[in-house]
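S.K.: 3D, please:
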Amino acid sequence: MSRMHRQSLVAYGQPLCETVVDCPAPQGTEVLVRVERCGVCHSDLHLQDGYFELGGDRRLDITKDRALPFTLGHEIAGVIESAGEAADGAQPGRRVAIYPWIGCGKCAACLAGDENLCSAHRHLGISVDGGYASHVLVPHPRYLLDYAPLSPDFAGPLMCSGLTAYAALKRLAERANRGAVLLVGLGGVGMMGLSIARALFSAPPIIADIDAEKRKAALAAGAAAVYDPADPQARRAILSATGGVLGVCDFVGSDKSLQFATGVLARGGKVVVTGLLGGTFSIATAMFAIKAMTIEGTLTGTLAEARDLLALAREGKLTPIPTRERPFNEAQAALDDLRAGRVVGRTVLSV
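M.R.: As a prediction, the model looks like this:
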């Protein structure tokens, strides 16, 4: 039996360690995929820490119901190695991106196609072992999406950072017809959002990020304008230039980012929040009616949206974001760089 090498979470708040186990033998509809690339996502940092910051010294504990050692990683592209007897179409050697937001298949959310919102989910790298490994077990071939002619470096991250941005920006489509949207935060998801917004909307987006290097990268990638939200004049400058924006995507998800986003809204505007940085947010209740505004949260995206996004990319309508490839055994160093803000675009592990 072949062996599976993993970069594993063995204790919360501690560095990853290599572990070696027997490769699982796929049964029924299961498919064993040999991992080629796995993106490093900011949510992996929260999982490694074991909590989300809720603000006010409060934390959401996320350590329960996850046996250690555990394998992180959900932005996976790989090659089918073997399949169970009922895994129709799972031809060995086929190169696939893996949709990781797998639900129970039985609840109301799953039956509506919203597996990403399932409360009894089996999300790869979140509740079951993921892609910081030589192999990953997928429960059904419907989650395996052909990505040629894209590179695996691009296809893997599309399954989270790309999908999250795509699902969020779709919710701003109507408002984007009336003016440029604002994207707050240009991490990996925000960079994907910039590429996707340019493909979906007629007007290039406006960008706000506190990092000068990321603002420079945004202009190089086709942003209409960039602002530093830490600049006391930035809010006034955006309002002066636009009269207020109708659509904002907050890829940070902090108290400061959401305050900035709502502060530049025009009447009838909408903010979609995807970021998970943490903190608390407060606003005068009357402002919801006075500004007729909407604040909406979104979590990754559906399998149907993943297929649509891959089709958009395969048609050549998306520009790949800056990507750095690192060896599999540098997973912890990649997480450290991400935590320290040293990553522009996406890091992918080469397995």
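
S.K.: now the chain, which segments are flagged as low pLDDT?
M.R.: Counting by pLDDT under 70, the low-confidence segments of the chain come to 1.

S.K.: could you pull out the helices for the protein?
M.R.: Per DSSP state H, the chain carries helices over the ranges 42-49, 108-111, 152-157, 163-170, 173-176, 188-200, 212-220, 234-242, 255-263, 286-290, 303-314, 331-339.

S.K.: what's next to the third one, contact-wise?
M.R.: Contact partners of helix 152-157, identified using C-beta atoms under 8 Å, 6 or more residues apart in numbering, comprise 36-39, 75-78, 95, 97, 131, 147, 188, 192, 310, 313, 320-321, 323, 325, 346, 348. Just so you know, the C-beta spots here come from the backbone N, C-alpha and C atoms, and that holds for glycine as well.

S.K.: Filter the residues you listed down to the buried ones, ChimeraX style.
M.R.: For selection in ChimeraX, the members of the contacts of helix 152-157 meeting the burial criterion (16 or more other C-beta atoms under 10 Å) are listed in this command:
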select :36,37,38,39,75,76,77,78,95,97,131,147,188,192,310,313,320,321,323,346,348
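
S.K.: Among the contacts of helix 152-157, name the ones in strands.
M.R.: Among those, the members falling in strands (DSSP state E) are 36-39, 75-78, 95, 97, 323, 325, 346, 348.

S.K.: Pull the most distant pair out of these.
M.R.: Using C-beta to C-beta, the two most remote members of those are 95 and 346, lying 19.0 Å apart.

S.K.: Any idea what residue 5 is bridged to?
M.R.: Beta-bridge partners of residue 5, counted by DSSP bridges, are residue 20.

S.K.: wait, it sits on residue 17?
M.R.: No. If you go by C-beta atoms under 8 Å, residue 5 and residue 17 don't touch, sitting 11.4 Å apart.

S.K.: the more surrounded of these two?
M.R.: When residue 5 and residue 17 are compared for neighbours, residue 5 comes out ahead with 18 against 13, by other C-beta atoms under 10 Å.

S.K.: Who are the contact partners of the more buried one?
M.R.: The neighbourhood of residue 5, defined by C-beta under 8 Å, 6+ apart, consists of 18-20, 133-134, 328.

S.K.: now residue 110: how far from residue 119?
M.R.: Residue 110 sits at a distance of 10 Å from residue 119 (criterion: C-beta to C-beta, to the nearest Å).

S.K.: Comparing these two, which residue is more hemmed in?
M.R.: Comparing residue 110 with residue 119 by neighbour count (other C-beta under 10 Å), the higher total belongs to residue 110, at 19 against 10.

S.K.: Run through the residues that contact that one.
M.R.: For residue 110, the contact set (C-beta under 8 Å, 6+ apart) comprises 103-104, 118.

S.K.: burial measure for the nearest residue to it once chain neighbours are set aside, as a count.
M.R.: If the residues on either side of it in the chain are set aside, residue 110 comes closest to residue 103, at 4.0 Å by C-beta to C-beta, 6 or more residues apart in numbering. Counted with other C-beta under 10 Å, the neighbours of residue 103 add up to 21.
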